[in-house]
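> Show me the folded form of this:
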Amino acid sequence: MNILSVNIRGMGSKDNADWLRGIKESLGVSVLALQETQFKDLSEFNISMYWGNSSFGSDFVEADGRLGGILCMWDESVFQCTSTNVVMKRNLWESIETVKNNTPGWWVILGDFNSVRFRNERKNSKFNPTSDNNLNNFIFSADVREYSMRGRCFTCYTKKGNKQSKINRILLCNDFFSKWPEACLRALPRLHSDHSPLLLTVVNKCYGPKPFRVFDSWFDREGFKEEVSKAIESFNGEGLPDVLCSKLKHIRGIIKKWRDKTIFKEKEKKKTLQNEMEDLDMIAESIDLNEQELWVYTECKKELEEIGMLANLKQRSRIR
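This next block holds a predicted model:
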């Protein structure tokens, strides 16, 4: 069972949906909590694009214009929902505490708290002792805890990366800690948000090999059509009992070789760019980035978008 929390800064982008669905499917996420959906009404919005084809439950709190909005989705075979309106009450944390104390069960409280617990959880941004003491008092009174976060020191970054804070958290009841003392909370790399997704992992899972698919984006890739043409021309079906199936199998084998070679090159390039951005993020946690470093960060991000490294994530499979 894994739990993922992220400030999405608007749900309208298909890139965001594909990105988070990819994380959810690859890491076996059972709960997906999105903040700042910026949607007042989700009745006509296809939220399954964030979850995938499997069944799920969901609940949401509408945004105030372009501000706020919460969507929570969960695997119904793992969790059951108890509906409350606590997030609509004026004093949110105290209201959650009251509901928690009056509702038996195991509690996971997560999201963008927009406050930090300690001064060192902010860099180049204003520390508000009153607000942050209120968060600490809530955590103490509600009797919840949090795992040490790995991967990063902060969860929220400005566009230029010069301001950071740890305002996203996953708080859990003591029963959760007793059940999974070795669970791991990790801040994942951010691609389409200024907030890092938080992944809470309690069980390692292996999903086996991926099925073979041909994606729409491949038809525009260099060398694809040529390889398919060569595969058709090189096929010799003489004496085979099922010529059509054998021909398709032959073409698929050629496409796989092209795919593996092409994707390897693209992944290497993408990895290099992302690693450079990650390195700059880590540097920015200690010192301010200089003008050249800020330029490099911007260019890396622009190149990732321009060369279409994420094109396959945005395409539906054409052949299964």
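
> Just the strands from the stretch 201-320 of the chain, written as ranges.
With DSSP state E, counting those that start in this stretch, the ranges of strands along the stretch 201-320 of the chain come out as 214-215, 317-319.

> And the ones you listed, which one averages the lowest pLDDT?
Among these, strand 317-319 has the lowest mean pLDDT, at a mean of 39.

> domain assignment for the chain?
Per automatic domain parsing, the domain ranges recorded for the chain read 2-201, 214-319.

> Among the ones you listed, show me which one is buried the most.
domain 2-201 (a mean of 16; mean count of other CB atoms under 10 Å). All C-beta atoms are positioned from the backbone trio N, CA, C, and that covers glycine.

> Kindly check the end-to-end length of it for me.
Using CA to CA, to the nearest Å, the end-to-end distance of domain 2-201 comes out at 5 Å.

> Just give me how far it sits from the chain centre.
11 Å (CA atoms, centre = their mean, to the nearest Å).

> and what of stretch 262-272?
Computed by CA atoms, centre = their mean, the chain-centroid distance of stretch 262-272 equals 20 Å.

> pull the CA atoms of it into CSV?
The C-alpha coordinates for stretch 262-272 follow below in CSV (Å, rounded to 0.1, in the frame of the first residue of the first chain):
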residue,chain,number,x,y,z
THR,A,262,15.4,4.8,-29.7
ILE,A,263,14.0,4.8,-26.1
PHE,A,264,17.5,4.1,-24.7
LYS,A,265,18.9,7.2,-26.4
GLU,A,266,15.9,9.3,-25.3
LYS,A,267,16.0,8.1,-21.8
GLU,A,268,19.7,8.8,-21.6
LYS,A,269,19.2,12.4,-22.8
LYS,A,270,16.2,12.8,-20.5
LYS,A,271,18.0,11.4,-17.6
THR,A,272,21.0,13.8,-18.2
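
> what's the average pLDDT for it?
Mean per-residue pLDDT for stretch 262-272: 76.

> same question, stretch 290-309
77.

> Could you do stretch 222-241 as well?
On average, stretch 222-241 scores 79.

> coming back round to it: any idea which of the domains of the chain scores lowest on pLDDT?
domain 214-319 (a mean of 75).

> for this protein, what's the longest helix?
As assigned by DSSP state H, the longest helix anywhere in the chain is helix 243-284.

> other SSEs contacting that one?
Secondary-structure packing of helix 243-284 (3 or more CB pairs under 8 Å, 6 or more residues apart in numbering; DSSP states H and E): helix 224-234, helix 291-306.

> could you dump those to TSV with distance to residue 33?
Formatted as TSV, the helices and strands packed on helix 243-284 follow (distance: least, CB to CB, whole Å):
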stretch	distance to residue 33
helix 224-234	39
helix 291-306	25
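
> what's the closest of the ones you listed to residue 130?
Closest approach to residue 130 among the helices and strands packed on helix 243-284 is made by helix 291-306 (32.8 Å; CB to CB).

> for the closest one, the distance to its chain's centre please.
Distance, stretch centre to chain centre, for helix 291-306: 21 Å (CA atoms, centre = their mean).

> Only alpha carbons, please: show that helix as PDB.
Output in PDB follows, covering the C-alpha atoms of helix 291-306 (Å, rounded to 0.1, in the frame of the first residue of the first chain):
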ATOM      1  CA  GLU A 291      22.400  33.800 -12.900                       C
ATOM      2  CA  GLN A 292      24.100  31.200 -15.000                       C
ATOM      3  CA  GLU A 293      22.700  28.300 -12.900                       C
ATOM      4  CA  LEU A 294      19.200  29.700 -13.100                       C
ATOM      5  CA  TRP A 295      19.700  30.000 -16.900                       C
ATOM      6  CA  VAL A 296      20.900  26.300 -17.100                       C
ATOM      7  CA  TYR A 297      17.900  25.200 -15.100                       C
ATOM      8  CA  THR A 298      15.500  27.100 -17.400                       C
ATOM      9  CA  GLU A 299      17.100  25.700 -20.500                       C
ATOM     10  CA  CYS A 300      17.100  22.100 -19.300                       C
ATOM     11  CA  LYS A 301      13.300  22.400 -18.500                       C
ATOM     12  CA  LYS A 302      12.700  24.000 -21.900                       C
ATOM     13  CA  GLU A 303      14.600  21.400 -23.800                       C
ATOM     14  CA  LEU A 304      12.700  18.600 -22.100                       C
ATOM     15  CA  GLU A 305       9.500  20.100 -23.300                       C
ATOM     16  CA  GLU A 306      10.700  21.000 -26.800                       C
END
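
> Could you tell me which other helices and strands it packs against?
Applying 3+ CB pairs under 8 Å, 6+ apart, one finds that helix 291-306 makes contact with helix 243-284.
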